[in-house]
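Engineer: what follows is a predicted protein model with its sequence.
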Amino acid sequence: MTASRTDVVVEAMEWIGTPFHHAARLKGVGVDCANLLIGVFTAVGLVPDVTLDHYPPDWHMHRDEARFLAILRQYADPLPEGSPIEPGDIAMFTYGRHAAHGAIVVGWPVVCHAWSDVGRVVLTEADTGPLAGRFAGCYRVRGVVS
């Protein structure tokens, strides 16, 4: 299966304003950052409807296991350092002990993400404000095409 970068970004933008709700995935009702990624990439046909095992809201603060990345790597590949970051890529940010916050690139450095600090899905810049200095790399979901 393939989906265009535009398909990914259009779907991500439809989630803007959805309230932040830990472990939820319902457009317009509630979503967290991991489930936003699953919701978007499922809607464009690139990943199955993944059901995540229970995870506490602060899992990344107390565990060394890079749980988010382990799941992400099942469907996406890390971009080599220095590669261009393109719309539809996934930007990861370090919170706690490792990369534990994901966002969809709209047009670098602008990302779409479910952000608990703001309480909803928003667009922000990855290199300013609270995300500045937290960038941990980008991933490309298999099947995303230009």
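Structural biologist: That came in fine, so what should we check first?

Engineer: show me what counts as buried in the strand ranked longest in the chain.
Structural biologist: When the chain is parsed with DSSP state E, its longest strand is strand 98-107. By neighbour count on 16 or more other Cβ atoms under 10 Å, the buried set for strand 98-107 is His98, Ala99, Ala100, His101, Gly102, Ala103, Ile104, Val105, Val106. All C-beta atoms are positioned from the backbone trio N, CA, C, and that covers glycine.

Engineer: for that strand, packing partners?
Structural biologist: Contact analysis of strand 98-107 by 3 or more Cβ pairs under 8 Å, 6 or more residues apart in numbering; DSSP states H and E lists helix 5-13, helix 33-43, helix 59-62, helix 67-72, strand 90-95, strand 110-115, strand 135-141 as its packing neighbours.

Engineer: tabulate those (TSV), appending distance to Pro84, mean neighbour count and mean pLDDT.
Structural biologist: Converted to TSV, the helices and strands packed on strand 98-107 look like this (distance: least, Cβ to Cβ, whole Å; neighbours: other Cβ atoms under 10 Å; pLDDT from 0 to 100):
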stretch	distance to Pro84	mean neighbour count	mean pLDDT
helix 5-13	12	19	98
helix 33-43	20	23	97
helix 59-62	28	14	51
helix 67-72	20	17	90
strand 90-95	13	22	95
strand 110-115	15	24	97
strand 135-141	10	19	97
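
Engineer: would you turn these into JSON lines with distance to Gly82?
Structural biologist: Output for these, formatted as JSON lines (distance: least, Cβ to Cβ, whole Å):
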{"stretch": "helix 5-13", "distance to Gly82": "19"}
{"stretch": "helix 33-43", "distance to Gly82": "24"}
{"stretch": "helix 59-62", "distance to Gly82": "27"}
{"stretch": "helix 67-72", "distance to Gly82": "20"}
{"stretch": "strand 90-95", "distance to Gly82": "15"}
{"stretch": "strand 110-115", "distance to Gly82": "19"}
{"stretch": "strand 135-141", "distance to Gly82": "11"}
